[in-house]
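S.K.: predicted structure and sequence below. I'll ask about it afterward.
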Amino acid sequence: MNGPGPLGAFLQARRARLRPEDVGLRDLGPRRRVAGLRREELAQLAGVSVSYYARLEQGLSRGASAEVLDAIARALLLDDHERGHLDRLAGAARHAPRVRRPRPEKLADETRDLLRAVDGVPAIVLGRRTDVLAWNSLGHALLAGHLDLLGPDDPARRPNMSRMLFLDLHCQELYADWKRKARAVVGNLRIAVGRHPEDPLLAELIGELTMKSPEFVALWGGPPCGAVRCRVLRAAPSRRRHGDGDTADTVDRPFTGTVAHRVHNPRQLLIRGGPRAPPAGERQPGAARGRRRVPRS
């Protein structure tokens, strides 16, 4: 399976933004687990079988007729611009060759050496799909101490920063301005999709976020988001050894993450963090205080 592709990702995104009441349906079932309409609801509105519509979204069927596309467009409440975009995506899907599933990204030797050289500050390496290709122990403790330290070594278990930001409550709570960070991530994903429109793994990521995160749907379907390079974290988690075992403490000190190096592979970024400089005039904890004068006797 090569992923949903641009056509499937578009259908998923537009389906996720609709609610049952938007199309005259009553939601009488159990609590909904997906954002927007279910596949079977959309298929019913369009007058096509659920299996056929599912194959369209999954990128397994490329021969949708004009009549079927018209029915789906009406069910999705597409405007004229979106209808034209749907036609273009469907036409491209018909003529596009089958794309093999890309190989997992590998951490370049130069990048690994650079990560080892970053000492004393949190650092991670992200691939073009925001997969965590590597991190040092401080980067792991800061961003994902609840995940396996060796996770990035296995392509099947690699954490993904976009997925963590929208679907992992622990990660969301790290950011003092989560909304700003979320806009930045969506902006960077838009850039990645523009550069690699046929990447099935990237399309799968977009599709998963579309189905599981209403916040992502709102940002992805909204106006373009600008990429932001500076991420301010609320606090740096640390672990201290006590006589009765490990306890987790929180250091009340904001951190920033900046793109420190665009490494030899232009698709990989090494991001390092460090304490954020306090605003001008703000006294830092532990800062030297002036000598206290002792009155003469």
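M.R.: Perfect, I can see it now. Numbering: from 1, shown residues only.

S.K.: CA atoms of stretch 196-213 as CSV?
M.R.: Extracted in CSV, the C-alpha atoms of stretch 196-213 (Å, rounded to 0.1, in the frame of the first residue of the first chain):
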residue,chain,number,x,y,z
HIS,A,196,7.2,16.3,-2.1
PRO,A,197,3.6,16.1,-3.3
GLU,A,198,3.8,12.4,-4.1
ASP,A,199,5.3,11.3,-0.8
PRO,A,200,2.9,8.6,0.4
LEU,A,201,4.3,8.5,4.0
LEU,A,202,3.8,12.3,4.3
ALA,A,203,0.3,11.9,2.9
GLU,A,204,-0.4,9.2,5.5
LEU,A,205,0.8,11.6,8.3
ILE,A,206,-1.5,14.4,7.0
GLY,A,207,-4.4,11.9,6.8
GLU,A,208,-3.9,10.6,10.3
LEU,A,209,-3.7,14.1,11.8
THR,A,210,-6.8,15.1,9.8
MET,A,211,-8.8,12.2,11.2
LYS,A,212,-7.6,12.5,14.8
SER,A,213,-7.1,16.2,15.6
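
S.K.: buried residues in it, which are they?
M.R.: Across stretch 196-213, burial judged by 16 or more other CB atoms under 10 Å covers 196, 198-213. Every residue, glycine included, has its C-beta placed from N, CA and C.

S.K.: do stretch 83-97 as well
M.R.: 83, 85-86, 89-90, 93.

S.K.: and that stretch, average pLDDT?
M.R.: Mean per-residue pLDDT for stretch 83-97: 78.

S.K.: also stretch 159-168?
M.R.: pLDDT averaged over stretch 159-168 gives 95.

S.K.: who touches that stretch?
M.R.: 124, 126, 129-132, 143-144, 147, 151-152, 171-172, 175, 178, 181-182, 185, 189, 205, 208-209, 212-213, 215-216 (CB atoms under 8 Å, 6 or more residues apart in numbering).

S.K.: the chain: helices as residue ranges?
M.R.: In the chain, the helices defined using DSSP state H lie at 5-16, 39-46, 50-57, 66-75, 80-95, 109-117, 137-144, 161-167, 169-172, 178-195, 200-212, 214-220.

S.K.: what's the fourth one in contact with?
M.R.: The one in question is helix 66-75. 11, 23, 42, 45-48, 53, 56, 64, 82-83, 86-87, 90.

S.K.: what do you get for the fifth one?
M.R.: Under the criterion CB under 8 Å, 6+ apart, residues 5-7, 10, 14, 59, 62-64, 69, 72-73, 76, 78 lie in contact with helix 80-95.

S.K.: and what of the first one?
M.R.: The contact list for helix 5-16 (CB under 8 Å, 6+ apart) reads 4, 34-37, 39, 42, 56-59, 72, 76, 78, 82, 85-86, 89-90, 92-93, 96, 99, 197-198, 200, 203, 206-207, 210-211, 214, 217, 220-221.

S.K.: next, the angle helix 178-195 makes with it.
M.R.: 150 degrees (axes from the mean of the first three to the mean of the last three CA atoms, to 10 degrees).

S.K.: start at 55, not 1
M.R.: Will do, 55 is the new start, and the previous item becomes helix 59-70.

S.K.: can you dump the C-alpha coordinates of helix 59-70 into PDB?
M.R.: Output of helix 59-70 as PDB, limited to C-alpha atoms (Å, rounded to 0.1, in the frame of the first residue of the first chain):
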ATOM      1  CA  GLY A  59      -1.800  10.200  -2.100                       C
ATOM      2  CA  PRO A  60      -2.800  13.800  -2.700                       C
ATOM      3  CA  LEU A  61      -6.400  12.800  -3.800                       C
ATOM      4  CA  GLY A  62      -7.000  10.700  -0.800                       C
ATOM      5  CA  ALA A  63      -5.500  13.300   1.600                       C
ATOM      6  CA  PHE A  64      -7.800  16.000   0.100                       C
ATOM      7  CA  LEU A  65     -10.900  13.800   0.500                       C
ATOM      8  CA  GLN A  66     -10.000  13.000   4.100                       C
ATOM      9  CA  ALA A  67      -9.400  16.700   5.000                       C
ATOM     10  CA  ARG A  68     -12.600  17.800   3.500                       C
ATOM     11  CA  ARG A  69     -14.600  15.000   5.000                       C
ATOM     12  CA  ALA A  70     -13.100  15.800   8.500                       C
END
